[in-house]
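> Coordinates for the following, if possible.
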Amino acid sequence: QVQLVESGGDLVQAGGSLRLSCVASGSTFILGVMGWYRQALGKPRELVATINSLGATNYADSVKGRFTISRDNSKNTVDLQMTSLKPDDTAVYYCYARGAAAATPNRWNQYWGQGTQVTVSS
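Residues are numbered from 1 along each chain as shown. Prediction:
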């Protein structure tokens with residue numbers, strides 16, 4: 001079992017920056033792809049960015065050039081640096097990870113954090 005805990009959500013003015021962090025914990029496990037999703041009020045959850053264990057990244061078109069995802073495999077963390085924030089970025093941001101117990105490396109599961117609120121004022 002993997003637990004994900006996010007931090008860093010806040011209220012920020014348009015044009016500002018914010019950094020979200022997520023740490024994974026639990027019994028001995030392996031982490032695959034990690035990433036961030038977001039869900040605005042009344043809208044479905046959408047992908048923001050992902051990063052695999054080798055550092056390959058993928059971004060939603062709406063955040064390319066503004067957001068940067070990074071991870072530290074030694075600390076089991078994934079961060080999202082957000083710049084040039086817009087009111088449309090307002091949402092609950094969820095950390096995501098695919099993980100497997102070290103004892104059963106072929107059995108992958110998806111894990112989600114509880115979410116952190118990001119509000120961008122105009």
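
> what ranges do the strands span in the chain?
2-7, 11-13, 18-26, 29-39, 46-51, 57-59, 67-72, 77-82, 91-101, 109-112, 116-121 (DSSP state E).

> Could you give the separation of the fifth one from the chain centroid?
What it means is strand 46-51. Chain-centre distance of strand 46-51: 7 Å, with C-alpha atoms, centre = their mean, to the nearest Å.

> CA-only coordinates of it in PDB, if you can.
Output of strand 46-51 as PDB, limited to C-alpha atoms (Å, rounded to 0.1, in the frame of the first residue of the first chain):
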ATOM      1  CA  GLU A  46      -7.800  16.100 -15.900                       C
ATOM      2  CA  LEU A  47      -4.200  15.300 -16.400                       C
ATOM      3  CA  VAL A  48      -1.700  18.100 -15.700                       C
ATOM      4  CA  ALA A  49       1.700  16.400 -15.900                       C
ATOM      5  CA  THR A  50       3.300  13.000 -15.400                       C
ATOM      6  CA  ILE A  51       6.900  11.800 -15.000                       C
END
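
> who are the neighbours of it, in terms of helices and strands?
strand 29-39, strand 57-59, strand 67-72, strand 77-82 (3 or more C-beta pairs under 8 Å, 6 or more residues apart in numbering; DSSP states H and E). Yep, even glycine has a C-beta here, placed from its N, CA and C like the rest.

> For Ala102, find the nearest of those.
strand 29-39 (5.9 Å; C-beta to C-beta).

> what distance separates the closest one from the middle of the whole chain?
Relative to the centre of its chain, strand 29-39 is centred 6 Å away, using C-alpha atoms, centre = their mean.

> orientation of it relative to strand 2-7 in degrees?
Computed by axes from the mean of the first three to the mean of the last three C-alpha atoms, to 10 degrees, the angle separating strand 29-39 from strand 2-7 equals 40 degrees.

> Strand partners (parallel or antiparallel) of strand 29-39?
Applying DSSP bridges to the sheet, strand 29-39 is found paired with strand 46-51 (antiparallel), strand 91-101 (antiparallel).
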